[in-house]
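A.B. asks: need coordinates for the below:
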Amino acid sequence: MQIRALVGDGAQACGPDTSLREAAIEMQKHDIGSLAVIGNGEMLGILTERDILRAVAKHADLDTAPVRDLMTSQPDSVAPDVESVEAARWMLATGYRHLPVIEDGKLLGIASIKDLLWAITPVDED
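C.D. replies: Down below sits the predicted model:
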């Protein structure tokens with residue numbers, strides 16, 4: 001299965017000046033572990049639950065600290081025709097838990113490690 005099938009039609013996103021608290025609330029609201037950070041119509045980075053955890057551990061002011069301070073800028077990404085098994089292997093090797101899927105410069109979505117596990121793990125129908 002290609003990774004395209006796992007990402008739907010877009011990703012939840014925020015702007016670079018969004019506060020970490022607002023970003024955390026958005027992630028919780030949608031039950032997701034990352035947000036694309038979009039500015040001027042392009043993906044600037046990705047903010048993950050790990051980034052927010054790191055901010056909490058450093059006693060950051062979640063109400064004033066902007067996403068831009070903790071996001072991963074210019075994250076690695078994959079094309080939508082990459083096979084799920086290949087993407088899973090790459091995520092395992094790199095330690096990534098969220099992987100942007102981009103086609104012709106457009107963000108199609110973000111695949112999570114959980115998405116990939118569902119795609120590559122056979123489900124016993126007993």
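A.B. asks: going forward, measure contacts and count neighbours with C-alpha atoms only.
C.D. replies: Noted.
A.B. asks: and the strands in the protein, which stretches?
C.D. replies: 13-14, 34-39, 42-48, 72-73, 98-103, 106-112 (DSSP state E).
A.B. asks: out of those, which is closest to residue 20?
C.D. replies: Using CA to CA as the measure, strand 42-48 is the one of the strands of the chain that comes nearest residue 20, at 9.2 Å.
A.B. asks: strand partners (parallel or antiparallel) of the closest one?
C.D. replies: Applying DSSP bridges to the sheet, strand 42-48 is found paired with strand 34-39 (antiparallel), strand 72-73 (antiparallel).
A.B. asks: CA atoms only: put the longest one into CSV for me.
C.D. replies: What follows is strand 34-39 as a C-alpha-only set of coordinates in CSV (Å, rounded to 0.1, in the frame of the first residue of the first chain):
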residue,chain,number,x,y,z
SER,A,34,1.6,16.6,15.2
LEU,A,35,0.7,19.8,13.3
ALA,A,36,2.1,21.1,10.1
VAL,A,37,3.4,24.7,10.6
ILE,A,38,2.3,26.7,7.6
GLY,A,39,3.4,30.3,6.7
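A.B. asks: tell me the mean pLDDT over that strand?
C.D. replies: For strand 34-39, mean pLDDT rounds to 96.
A.B. asks: go on, the last one?
C.D. replies: When pLDDT is averaged along strand 72-73, the result is 95.
A.B. asks: any chance you could list what contacts it?
C.D. replies: Strand 72-73 is contacted from outside by 44, 45, 46, 47, using CA atoms under 8 Å, 6 or more residues apart in numbering.
A.B. asks: which residues touch the last one?
C.D. replies: Which is residue 47. By CA under 8 Å, 6+ apart, the residues touching residue 47 are 34, 35, 36, 37, 67, 70, 71, 72.
A.B. asks: phi, psi of the closest residue to it other than its chain neighbours?
C.D. replies: Excluding its sequence neighbours, the residue lying closest to residue 47 (CA to CA, 6 or more residues apart in numbering) is residue 71, at 4.6 Å. Main-chain torsions, residue 71, degrees, to the nearest 10: phi -70, psi 160.
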